[in-house]
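> what follows is a protein structure lacking sequence information:
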């Protein structure tokens, strides 16, 4: 399991997939009797799943929901999903590609959890990407939007990302990328073992609140209204118990509607003061959900596109095909560890049709008033803006 601390080994996932397929054969199809078993990391990307549980929205849809299971790192969450210990997860979108195509595991994206919500946070004295030269920056996973965004930003500035320096001295234009569980990042930045990290909030807000780091760039200012985490489910649950799957997606979408209207209450609900969903203080969660100041971040250089008017984090469920297509193209030129041969075979248009099943989310959106409930175009189509 040591290797999985930094990346998912294809052999280990294949083994878990075989166990999962065996479990599938023992399950009866149909009905809503299967409990919702949520797996999540303590980041705000998971908020719709957690709010749906806290406010008993799954029960309102006729479902049973177990207490969500918290994981510290992505490999452990992925393994639990493959072994069917959990059946509804928020997952890094590039990891969804790894699971379905790299490991040929039958999983489908059914919705987005959020938009934006991540940042590149650095030591307080660092004011530019060039100052990261010769140093280490942490990412949460190789198959993450964070890895993609950071590598694109570095290359645009003439910098070279390096996955494993293996003890050699880094050149001035090189930045070593190291995989680190998000809960470890703030302390690593504080003790200066890394120069920065790129990750989901509230870990960026935590560094700001503790005055051990500053946000160098907000992710939504690099890729306008991007998703990072998406709702992933087992494909057979969509085909053999479609009523159950629809009810799950209905609850998630209704949770997003509620969050958009109750941001301060969401911060309270998910805080450590109110329960056990996350270890974060309410004040840190409020920095992201309520107290976002785009003028300040523009003055600091973390926002270069103020005309985009993107929130620090927002919540909407529709998985735009144009996003998936651009993501595939970007991932194909991103350095990752392990066997990446499968990436070369992916066709962006085909992946957007095969990986994502939007039947359930379209019905769920219609049930809450349609696309306008989320400020989305009625056509449910858009043009991607990616400007690192």
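Alright, I've got the coordinates. Keep in mind the model is a prediction, meaning the values are calculated, not measured.
> per-domain residue ranges of the protein.
Per automatic domain parsing, the domain ranges recorded for the chain read 3-116+226-374, 119-214.
> quick one: mean pLDDT over the longest one.
The average pLDDT within domain 3-116+226-374 is 91.
> as CSV, the domains of the chain with distance to residue 385 and mean neighbour count would be great.
Glycine gets a C-beta too; all of them are placed from N, C-alpha and C. Listed next are those as CSV, based on distance: least, Cβ to Cβ, whole Å; neighbours: other Cβ atoms under 10 Å:
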stretch, distance to residue 385, mean neighbour count
domain 3-116+226-374, 7, 19
domain 119-214, 13, 20
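> out of the ones you listed, nearest to residue 387?
Of all the domains of the chain, domain 3-116+226-374 sits nearest to residue 387, with 6.6 Å by Cβ to Cβ.
> looking at the chain, which helix is longest?
Longest helix of the chain, by residue count under DSSP state H: helix 242-261.
> and the contacts of that one?
30-32, 34, 36, 47-49, 51-52, 55, 57-58, 60-63, 88, 110-111, 113, 231, 233, 237-238, 266, 314-317, 360-361, 363-365, 367-368, 373-374 (Cβ atoms under 8 Å, 6 or more residues apart in numbering).
> what segments of the stretch 151-300 of the chain are helices?
185-190, 203-209, 235-240, 242-261, 263-270, 282-289, 294-300 (DSSP state H, counting those that start in this stretch).
> could you dump those to JSON lines with distance to residue 99?
Listed next are the helices of the stretch 151-300 of the chain as JSON lines, based on distance: least, Cβ to Cβ, whole Å:
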{"stretch": "helix 185-190", "distance to residue 99": "24"}
{"stretch": "helix 203-209", "distance to residue 99": "24"}
{"stretch": "helix 235-240", "distance to residue 99": "11"}
{"stretch": "helix 242-261", "distance to residue 99": "17"}
{"stretch": "helix 263-270", "distance to residue 99": "26"}
{"stretch": "helix 282-289", "distance to residue 99": "28"}
{"stretch": "helix 294-300", "distance to residue 99": "34"}
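> now the longest helix of the chain, how far from the chain's geometric center?
Centroid displacement of helix 242-261 relative to its chain, using Cα atoms, centre = their mean, to the nearest Å, is 18 Å.
> what angle sits between it and helix 282-289?
Counting by axes from the mean of the first three to the mean of the last three Cα atoms, to 10 degrees, helix 242-261 lies at 90 degrees to helix 282-289.
> quick one, which of the helices of the stretch 151-300 of the chain gets closest to residue 139.
Closest approach to residue 139 among those (Cβ to Cβ): helix 185-190, 9.5 Å.
> tell me which strands and helices that closest one is in contact with?
strand 118-122, strand 196-200, helix 203-209 (3 or more Cβ pairs under 8 Å, 6 or more residues apart in numbering; DSSP states H and E).
> what residues does that helix touch?
Outside helix 185-190, the residues that touch it by Cβ under 8 Å, 6+ apart are 121-123, 138, 180, 194, 196-197, 199, 203, 206-207, 210, 212-213.
> 7 Å instead, please
Helix 185-190 is contacted by residues 121, 123, 138, 180, 194, 196-197, 199, 203, 206-207, 210, 212-213 when judged by Cβ atoms under 7 Å, 6 or more residues apart in numbering.
> run through the bridge partners of the spatially most central residue of the chain.
Nearest to the mean C-alpha position of the chain, counting by Cα atoms, centre = their mean, stands residue 229 at 2.6 Å. On the basis of DSSP bridges, residue 229 takes part in beta bridges with residue 92.
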